[in-house]
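**Student:** Sequence plus the predicted model coming up.
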Amino acid sequence: MPRRSAASKAQGLRRLAFHYMKDATGRYAPIVYLQAWTGNRWLYLQAYVDSGASWSVFHLDVAQLLGIKLRQAKRRYVSLGNGAVLPIYYQKIRVRFAGQEFLAPVGFSDALHMRFNLMGRAGFFDRFLMTFNDRARTLIVTPVSNA
């Protein structure tokens, strides 16, 4: 869970520090908690924060938990860094992250063979300044607007 740093309290900023968590291989990574609205309750999710990803991509089972009807979602294709093309079901979902609640564009897919959800730039990096400090194993998140 995030904590406000001492420097941010002194300066009146709302920066939050997310300490890296261990991934499935035991390596520390910028994995954060966020919440997604199911229609009647908030669902806690973990996501790997990836500044190189244009889109957030969550597992299909998350779409099911959120009650999203994939037949009604827009089907899109995103390119991966290795040149592969990933089919996603695009949907805006209500999320809570770093003290803010907003709609975020998310792609749902079972073709991304990773054990985690991926938080990409769209919808998140335009709202928050993300500062990665791998040495301290900390992600500092600072809201840039109240949009």
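**Tutor:** Noted; the coordinates are in hand.

**Student:** Name the next helix or strand downstream of the helix-or-strand element of the chain with minimal mean pLDDT, please.
**Tutor:** Least confident element among the helices and strands of the chain, by mean pLDDT, DSSP states H and E: helix 6-11 (a mean of 43). Per DSSP states H and E, helix 6-11 leads on to strand 16-19 as the next helix or strand towards the C-terminus.

**Student:** could you point out which element follows that following strand?
**Tutor:** Note on strand 16-19: by DSSP H and E, the next helix or strand toward the C-terminus is strand 21-22.

**Student:** Please export the C-alpha coordinates of the lengthiest strand in the chain as CSV.
**Tutor:** Scanning the chain for the strand with the most residues, using DSSP state E, yields strand 85-97. C-alpha atoms of strand 85-97 as CSV (Å, rounded to 0.1, in the frame of the first residue of the first chain):
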residue,chain,number,x,y,z
VAL,A,85,0.3,-8.1,-32.2
LEU,A,86,-2.0,-8.6,-29.2
PRO,A,87,-5.8,-8.7,-29.5
ILE,A,88,-7.6,-6.9,-26.7
TYR,A,89,-11.1,-6.1,-25.7
TYR,A,90,-11.1,-2.3,-25.0
GLN,A,91,-13.3,-0.9,-22.3
LYS,A,92,-13.1,2.1,-20.0
ILE,A,93,-13.5,1.1,-16.4
ARG,A,94,-13.9,3.0,-13.1
VAL,A,95,-10.7,2.8,-11.0
ARG,A,96,-9.3,4.1,-7.8
PHE,A,97,-5.5,4.7,-7.7
